[in-house]
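Asker: need a 3D model of the following:
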Amino acid sequence: MTVRISTLSNGLRVITDEMPEAGTVSLGAWVGVGARFEPPHLNGVSHLLEHMAFKGTERRSARAIAEEIEAVGGHINAYTSRETTAYYAKVLKDDMALAVDIVGDILQHSTLDPEELDRERSVVVQEIHQALDTPDDIIFDWFQETAYPDQAIGRPVLGTAEIVRGLSRQTIFDFMAAGYTAPQMVVSAAGGLTHEAFLEEVDKTFSALPTACCAVPDAAARYTGGHFRESRDLEQTHLALGFEGVAYQDPDYYALAVMAALFGGGMSSRLFQEVREARGLAYSIYAYASSYVDTGMFSIYAGTAPKEVPQMVAVIADEASKLADTLTEAEVARARAQLKSSTIMGMESTSSRCEHRARQLMIFGRTLSAEETIARIEGVDIEAVRRVTRRVFAGPLTTAAVGPLKHLESDEALAARFRF
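Answerer: I've put the predicted structure just below:
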């Protein structure tokens with residue numbers, strides 16, 4: 001195994017995955033702070049901070065950041081989720097030191113220039129409005145909020161336009177100082193590098209990080225379920241259905257991943273075959289499992305013509321109700337194969353390995369080898385899938401619907417359909 005982990009004197013964890021044959025290096029910093037860590041009046045600050053980190057440092061302008069990384073043919077980006085914010089780059093292996101320097105610079109020396117902040121607030125507000133105008137995007141925010149009402153984990157990552165417009169420069173600085181600390185962060189790299197060389201660059205570049213520990217989520221998650229509807233004049237009705245899933249370290253984590261794959265994860269899945277192929281009721285339909293440190297969701301999404309909604313819902317409910325009792329060894333094996341191949345294919349990518357190593361270290365406190373992950377997937381038998389299917393579908397239902405809704409039955413009738 002080529003993975004090595006070191007902890008610097010300031011508490012920063014550094015992990016590398018050496019791929020001697022690779023001509024590139026993917027690297028980045030994963031910060032254990034996201035939308036879950038925001039009080040209600042600051043919802044969206046994590047995402048706005050992620051944008052502002054690229055808008056200039058004490059040594060580089062926003063333009064210089066872009067030009068320096070692209071001058072060597074590399075690229076740099078970031079994302080914000082509910083539990084993590086990540087800043088990452090990919091470069092040729094000879095340019096590793098430059099990429100480390102730029103990522104370290106934007107995380108420790110961003111100036112949050114007032115003029116840039118005014119412009120970026122406007123950009124983020126436009127991003128929020130774009131999401132609101134995209135029903136198959138915004139539905140998932142409303143779905144999450146319905147499942148976890150009045151909680152940070154249920155609020156949108158982007159925040160609201162009103163809150164974002166009011167976020168001050170000092171507020172962003174204070175949030176960054178509290179959350180972007182060395183013990184709260186993992187710096188990860190994969191590709192054509194050595195651990196010693198990367199560690200040396202990180203040690204001299206990330207020395208200005210605060211050493212306080214550690215930010216905590218707003219509160220433990222409490223899944224409740226519920227129903228959300230917004231009537232819109234659209235060509236399709238967009239529908240999300242879900243149940244409480246499992247946390248990352250739950251014993252049923254891999255069993256639920258297998259169940260999600262065979263139920264709605266690919267072209268051979270039950271939902272795709274019954275709803276789309278056999279009946280032509282939807283173009284897009286899928287199921288997936290998502291996890292957090294203390295909870296998770298099992299979700300189904302479909303978009304269809306308004307008049308097809310009743311039949312589509314009936315088919316989904318029927319397939320869900322009979323799943324546990326009609327599972328076959330062949331489809332469980334096929335779902336395991338999908339997950340195993342995804343794991344192995346990901347190991348061929350420096351970007352994938354870099355991110356996986358960082359997230360595993362943050363979640364589990366260690367890394368999982370490909371062999372260990374595959375063994376856990378292979379350990380999922382048909383009885384485990386039956387068990388997790390019954391467990392998930394026994395919980396309260398969450399629904400969110402956007403579009404023409406006159407053909408969608410009442411919330412009570414929907415809930416009754418999925419009460420097995």
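Asker: next, the buried residues of stretch 193-208.
Answerer: Using 16 or more other CB atoms under 10 Å as the test for burial, stretch 193-208 gives 193, 195, 198-199, 201-202, 205-206. Heads up, the C-betas are built off the backbone N, CA and C, glycines and all.
Asker: now, those that are in helices?
Answerer: 195, 198-199, 201-202, 205 (DSSP state H).
Asker: looking at those, which is nearest residue 127?
Answerer: Residue 127 has its nearest neighbour among those in residue 205, at 30.0 Å by CB to CB.
Asker: could you report the neighbour count for the nearest residue to the closest one once chain neighbours are set aside?
Answerer: In space, residue 205 comes closest to residue 104 once its chain neighbours are excluded; the distance is 3.7 Å by CB to CB, 6 or more residues apart in numbering. Other residues lying near residue 104 total 22 when counted by other CB atoms under 10 Å.
Asker: how about the contacts made by residue 104?
Answerer: Residues counted as contacts of residue 104 (CB atoms under 8 Å, 6 or more residues apart in numbering) are 29, 202, 205-206.
Asker: phi, psi for the one residue sitting closest to the centre of the chain please.
Answerer: Among the residues of the chain, the one closest to the centroid is residue 81, at 5.5 Å (CA atoms, centre = their mean). With angles defined as degrees, to the nearest 10, residue 81 sits at phi -120, psi -170.
Asker: isn't it up against residue 34?
Answerer: Yes: using CB atoms under 8 Å, residue 81 is in contact with residue 34, at 5.0 Å.
Asker: which residues do these two both contact?
Answerer: With CB under 8 Å, 6+ apart as the test, residue 81 and residue 34 both reach residue 157.
Asker: quick revisit: could the buried residues of stretch 193-208 go into CSV alongside distance to residue 254?
Answerer: Output for these, formatted as CSV (distance: CB to CB, whole Å):
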residue, distance to residue 254
193, 31
195, 29
198, 31
199, 32
201, 36
202, 32
205, 37
206, 34
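Asker: list just the nearest of the contacts of residue 104 to residue 401.
Answerer: residue 29 (38.6 Å).
Asker: what about the closest one, how many residues close to it?
Answerer: Residue 29, neighbours per other CB under 10 Å, totals 25.
Asker: surely it is in a strand?
Answerer: Yes: the assignment for residue 29 is a strand, going by DSSP: H, G, I helix; E, B strand; the rest coil.
Asker: mind listing the residues bridging to it?
Answerer: Beta-bridge partners recorded for residue 29 (DSSP bridges): residue 87, residue 187.
Asker: local confidence estimate at it?
Answerer: Residue 29 is assigned 98 on the pLDDT scale.
Asker: residues contacting it?
Answerer: 86-88, 103-104, 107, 185-188, 206.
Asker: most neighbours among the residues you listed, which one is it?
Answerer: Neighbour max across the contacts of residue 29 (other CB under 10 Å) = residue 188, 31 neighbours.
Asker: for the closest residue to it other than its chain neighbours, pull up the helix or strand it's in.
Answerer: Nearest non-adjacent residue to residue 188, counting by CB to CB, 6+ apart: residue 358, 3.6 Å away. Applying DSSP states H and E as the criterion places residue 358 in helix 350-364.
Asker: outside of that helix itself, list whatever touches it.
Answerer: Looking at what lies outside helix 350-364 - CB under 8 Å, 6+ apart - the contacts are 3, 5, 13, 15-17, 19, 22, 24-28, 30, 32, 84, 86, 88, 90, 186-191, 248-249, 293, 346-347, 366-368.
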